[in-house]
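In: I would like the atomic coordinates for the input below:
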Amino acid sequence: MADGATEGLQRPYTVGTFQTKLNEFQELMKDITLQDVEATPEERRQMITENLRFDQFCDTLKELFGSDIKNQDLKALYRKISTNPDAKVDWSELFGYIQTSAEEKEEVMVGEEVSVFTVSKRRRVGEAAGDKKRRDTVQSIRFVPSLDCYITCSQKGTIAVWTSKLRLQGCVDINEIAWVTGCDYLPNIRRVACCTERSINIWDNRSKGKNQHIFSIKPFDHSPQCMTVLPRSYSALEDTILFGDDQGYLNALTVAAKDLTMKNSKGGEKRQSKDQNFVHVIEPSKLTHPIVSRKLHDDWVLKVKYFPELRCFASCSPSSRQSFVLEDPDRLFDNGEVRGVSVPKGVNAFDYCIKANIIATGGVDKVIRVWHPHIFSRPTGKLLGHLFTIVDICCNERDQHIISLSTARVFRVWDIHTLTSLQVFTDNEERPGERRIYSMIFDNKHERLLTGSSVIDAWPLTRAVQDTMQVPHTHDRPISQILFNKDLGQIITVCTESVLKVWEMDTGKLVYTIPECHGINIEVTAVTLDSSGYRLATGAFNGSIRIWDFGSGQLIKKRDGRPTDEDLSISGLVYSFLENDRVLIASGWNNKIRIFLDTNENYDLPVIREFKDVYYYGTKLTGDPFRTTPLPDIGESISPKPTSRGGSQLSHHSEDMPGIMKKQNIFDSHDVTCVFYFPPNQLYTGCRNGDVLLWNIEKSYIDEIFELPESDEIVSTMRDEDDELPKVGADKKINMLKILTHRVRKLDPAYIKKQIVFQQTEKEEEKEKESKGEEESKHEGEVGSQAQRTRLESRASQLHKITEKKATEGKETDSKMDSNTVVEEQQKTEDKKNDKDEDKNENEQKDKKVDEEEEGNKMDVEAEEGKPDKKKYIVETYDPILVTVHQDSYIRFWDMKGHVLREVMAITRRTGIPVTVVCHDEDCNIMITGDHKGYLTLWDIGKFLENPESEQEDLIKQVICWRAHLSRIVTLSYIDHLKCIVSGSLDGSARLWWGMNGRFVGFFSQHRPFNFPTSEEKAGPPTLPYDITEGPLLPTKSVSAKQKIRPVKKYEYPLKFDEEKWTPFKSSAFKPDLDTPRSKFQAIDKKFFSALIKPRAYNYHLEGVVTGKKREGAVFRALPVYRVRTPENPQTPPMSFRGPETEGLNIGQGTNK
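Out: Have a look, this model is predicted:
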């Protein structure tokens, strides 16, 4: 363990070693840019783009300077070198110290559109007194994550509960004369608590009725001024309240559910009038646990909070001697030394930022001080700017901002890293009652600031409403293609005006633009990347093809098209390998498929092969072999029957005869609309008539035709608005096709066992070192190790179940618990089981829980990563399934033999809309489709792909449907590591959607960088683009996706010959022939009926001969087939009496006589 730790540590740079690294960097740049090669800059640039790989470039520099270099800096340097080999390269560019003019210009921009809060979008939530008609002021606001609601308390005794949508859910008056000073929520006993200057009141917010029951705990020795909840209680029905009073004491009050009964109340219930609530007074001496107090300040305590990330509580006071205290809750129960800060004129407010790991304090001296939680000797920074006393401070975790409020109702937003002021705004609204703002809270989940005065106001962040204030706009013309480069983490968008843009996927920043990449006003119709991700191919409307270097955006080679108005557009581009050479397969030019050679040696794109569309019917038996058709008369020919799809098809008789073939040019009746490459050598093309053509790339001909069966029922749903939309079932054109290969990833049991053994041995070694000299401690260590072993085994089994469930279902991206929550829930269940045996060593076991929690988090985080380690997982791959989306609004699933397994139609607000695009995730657990009206539909297909031939309807589920654009969606892409969807439409925008609920993230070319949520709980309120007003549509049990299941016909033989079973019944069973042993390779006919029939007669000489050899038989090009009519029945000829005939007749008659 120690060796592994020392290997990861590297010696810091010194003056000599760093200079050596710089010299090596300079030599490396000379070698990469080919400075010693005698060539022109253009030739060197061509050589660099062909030979330099981005991944090799990154690995080399990271080996030189370490792995801390950011990928965006490496991309910028790589792009600079590949574009201009003679450009000067400095080592500081690797560490991001040099900014471009565009980035500097972005930082200088100021105004409403780049401000942190949008003041004009402030929303009035409600009055301070809730539904009570009186003037009041809000003293405290708290957000409860478990309930997703807000709790407010007013000065005159009103407690109100507000939903996340800022609607009043419940309100109660505590009927207390003293002023209310604070409030919080008790999670274990599920009650709302508030403190006044005389008492602590507890109310059940779930109760209903006009008159509520309120329990009031009083009297106290001192006046409570603030309160919070400590997660210290070990019982499930107890909560600990920490409150500060006016004498500088901090008091821990434990409230149990059994204490809140009418038996403990003093003098029963009190109610002054019929309209007031019932108040039950409970004396503190009658509580189950006594109150624990300790004096920490010399003046009254203004605020107290608990930070679970630090496992500490914090309190502040206006005293200059002990102004701020941050300490563990255990210090309240002993006399140990506490950590505090002395600030002149005291501290009025404070808050803690988890990401930045800082504490901000402010007070009467108008200075905000930034402290490290473990260093209180001096502040790490000071923020100056307020002109009046600071009364409240809160932090924005995601953006790492400090928000401060002064008595003059002036808000200031500060950046923690730069310690600069970002925005200043004031609440100048004229309103009756108290204008001063007493409380403030920032909701990180819903990204808004809530303030309380005589009213409650909500101030939204600019980024939360910015996308709703401007129309998404990425290109000036409709988007035609979107392509994601997985290797570089960048995305390509192309519009119909021949403008190509490359964007950073994580931030949305524009990397470079190629205007008029195929000429002026020549539309780009197809885009593809090679397997390396560094070679980009584009095809245009005029049939031209161009190859680009993706890193630099430079043109490598091109093939010009024809300047004509005829539609010669490229409908599909695919990179493949043919005889170890990289080739480009293109479809277009009025229904043709060609193969171009695209190697590093050639500087053009020569056509090396063109696909042949000749297909021979009758090469295999199809249809009913016993179905007969009358033959034509003599002289008539066998003519093919016209089909409904505009082609021709032979009669059933000629199809079923293997010796008779019919040659047909498929392109005469099939128009190719889309292309998909399935490695290693298969190409699938979708056609306008709904058929799928399977091509063999090596032989360049059609392998098979997947014919779309005739519909049993044609659903006639009329169109909504557009007259050009056909009825459902009228047009079966394939708009896009994909092949779905489902994978299930499971944790390797050997890896789980290895982790458990490793953790057990590590813990046992630590225990042996700690308990060497004492026998009692040794015994306790053994007991602890046994309890720990049971915990680890149960956690491993639960972790295996969780990861297995996620892998099979695959779509629970909106899971309610992240990895830390999973470990905490498991730890709670384990603690309940072991409570009785482990009551003696609570403090020691608490430390063990913390250690185990940290180790368990490592395993859980590894299980939830988007890129799992191959050594830790077992991958199970299922058979691929072909999916096609059609113009008749159906999504069809095919097996690889060409049988349609299922037809699905999505349920949207406008049913019957043509489906235009489809995409899926890496493991094919989910599928997303887009249609002609701009709707996106998310499907759950994991269970169906595991059992595609099943006839259960619930295997394919429509999860959600939402409107993403107002016009047709032309392209879709799913980004696995971000779990987001990129959609492009004819409206000229490329938009991002995250998660299983279709949450709008933003669009490319917006001002702010993208902010992807980490989980559904922390995603904040859903927002919609400016032009979208429809919310998402969830399917119900009564209204869900329409499905038509086509069962696959299987011919099974239930009776099979089992040789072992029939051996005892044979006549030779008891007379084994040892001289002639049976060969183990001898073929056995295991079909029962075939084993019983007699062998067939010898007729090999009657079978056909090899064609083309006249010695072995005749060769015929074609044999005519005639139908011979059956003659009529013979009749007796008429009798006549002539010479010899008459004599013969008489002789006959005489003999008869």
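In: mind listing what's buried in stretch 156-164?
Out: By neighbour count on 16 or more other C-beta atoms under 10 Å, the buried set for stretch 156-164 is Lys156, Gly157, Thr158, Ile159, Ala160, Val161, Trp162. For glycine as for every other residue, the C-beta is placed from the backbone atoms N, C-alpha and C.
In: correct me, but the second one touches Val172?
Out: Right, Gly157. No - with contact defined as C-beta atoms under 8 Å, Gly157 does not reach Val172; the gap is 9.1 Å.
In: what's the burial count for the closest residue to Met29 other than its chain neighbours?
Out: Leaving out its chain neighbours, the residue that sits closest to Met29 by C-beta to C-beta, 6 or more residues apart in numbering is Val89, at 5.1 Å. Neighbour count of Val89, defined by other C-beta atoms under 10 Å: 18.
In: what does Ser67 give?
Out: Neighbours of Ser67 using other C-beta under 10 Å come to 9.
In: And Asp487, by the same measure?
Out: 14.
In: same thing with Asp299?
Out: Asp299 has 16 nearby residues by other C-beta under 10 Å.
In: For it, give me the backbone phi and psi.
Out: Asp299 adopts backbone torsions of phi -130, psi -180, taken as degrees, to the nearest 10.
In: Okay, the closest residue to it other than its chain neighbours and Ile359: tell me how far apart.
Out: In space, and not counting its chain neighbours, Asp299 is closest to Ser319: 3.9 Å by C-beta to C-beta, 6+ apart. To Ile359, Ser319 is 18 Å away according to C-beta to C-beta, to the nearest Å.
In: the strands in the stretch 451-600 of the chain, which residues?
Out: Remark: strands assigned in the stretch 451-600 of the chain by DSSP state E, counting those that start in this stretch are 455-460, 479-485, 490-495, 500-504, 510-514, 524-529, 535-540, 545-549, 554-559, 570-578, 581-588, 592-597.
In: Contacts for the fourth one, please.
Out: Defining contact as C-beta atoms under 8 Å, 6 or more residues apart in numbering, one finds that strand 500-504 is touched by 72, 474-475, 489-494, 509-514, 517, 524, 538, 550, 553, 1004.
In: what number of residues lie near the closest residue to Leu1024 other than its chain neighbours?
Out: Residue nearest to Leu1024 in three dimensions, not counting chain neighbours: Phe1000, with 6.1 Å by C-beta to C-beta, 6+ apart. For Phe1000, the neighbour count with other C-beta under 10 Å is 19.
In: ok, Phe1000 to Pro1013 distance?
Out: Counting by C-beta to C-beta - Phe1000 and Pro1013 are separated by 11 Å.
In: cool, and Leu737?
Out: Distance of Leu737 to Pro1013, computed by C-beta to C-beta: 32 Å.
In: what ranges do the strands span in the stretch 901-1050 of the chain?
Out: For the stretch 901-1050 of the chain, the strands defined by DSSP E, counting those that start in this stretch cover 915-920, 926-931, 935-940, 957-963, 969-975, 980-985, 990-994, 999-1003, 1042-1045.
In: can I get the ones you listed in a markdown table with mean pLDDT and distance to Glu127?
Out: Below are the strands of the stretch 901-1050 of the chain laid out as a markdown table (pLDDT from 0 to 100; distance: least, C-beta to C-beta, whole Å):
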| stretch | mean pLDDT | distance to Glu127 |
| --- | --- | --- |
| strand 915-920 | 93 | 49 |
| strand 926-931 | 93 | 45 |
| strand 935-940 | 92 | 41 |
| strand 957-963 | 90 | 35 |
| strand 969-975 | 93 | 45 |
| strand 980-985 | 93 | 40 |
| strand 990-994 | 91 | 36 |
| strand 999-1003 | 87 | 32 |
| strand 1042-1045 | 78 | 50 |
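In: In CSV, list these along with distance to Ile393.
Out: Output for the strands of the stretch 901-1050 of the chain, formatted as CSV (distance: least, C-beta to C-beta, whole Å):
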stretch, distance to Ile393
strand 915-920, 45
strand 926-931, 43
strand 935-940, 41
strand 957-963, 38
strand 969-975, 37
strand 980-985, 34
strand 990-994, 31
strand 999-1003, 30
strand 1042-1045, 56
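In: Of all those, which one is nearest Lys382?
Out: strand 999-1003 (35.0 Å; C-beta to C-beta).
In: Identify the residues contacting Gly126.
Out: Ala160, Trp162, Leu166, Leu168, Val455, Ile456.
In: how much does the helix or strand containing the second one deviate in direction from strand 455-460?
Out: Which is Trp162. Taking DSSP states H and E as the criterion, Trp162 maps to strand 158-163. Here strand 158-163 points in a direction 30 degrees away from that of strand 455-460 (axes from the mean of the first three to the mean of the last three C-alpha atoms, to 10 degrees).
In: Show me what the helix or strand containing Val192 pairs with in its sheet, parallel or antiparallel.
Out: Element membership for Val192 (DSSP H and E) is strand 191-196. Within its sheet, strand 191-196 is paired with strand 180-186 (antiparallel), strand 200-203 (antiparallel), according to DSSP bridges.
In: Quick one, which of these gets closest to Val900.
Out: strand 180-186 (55.8 Å).
In: Any chance you could list what contacts the closest one?
Out: 139-140, 142, 144, 146-147, 151-157, 159, 174, 191-197, 202, 224-229, 239, 241, 243, 255.
In: mind redoing it with 7 Å?
Out: 139-140, 142, 144, 151, 153-155, 157, 159, 192-197, 224-229, 239, 255 (C-beta atoms under 7 Å, 6 or more residues apart in numbering).
In: what does stretch 598-606 give?
Out: Glu50, Ile545, Ile547, Lys557, Arg559, Asp581, Arg582, Val583, Leu584, Phe596, Leu597.
In: same thing with stretch 580-592?
Out: Applying C-beta under 7 Å, 6+ apart, the external contacts of stretch 580-592 come out as 530, 537, 539, 543, 545, 568-577, 593-599, 610, 667, 671-672, 675, 683, 685.
In: cool, and stretch 399-409?
Out: 116, 353, 355-356, 360, 362, 368, 386, 388-396, 411-417, 422, 426-427, 435-437, 440, 442, 449.
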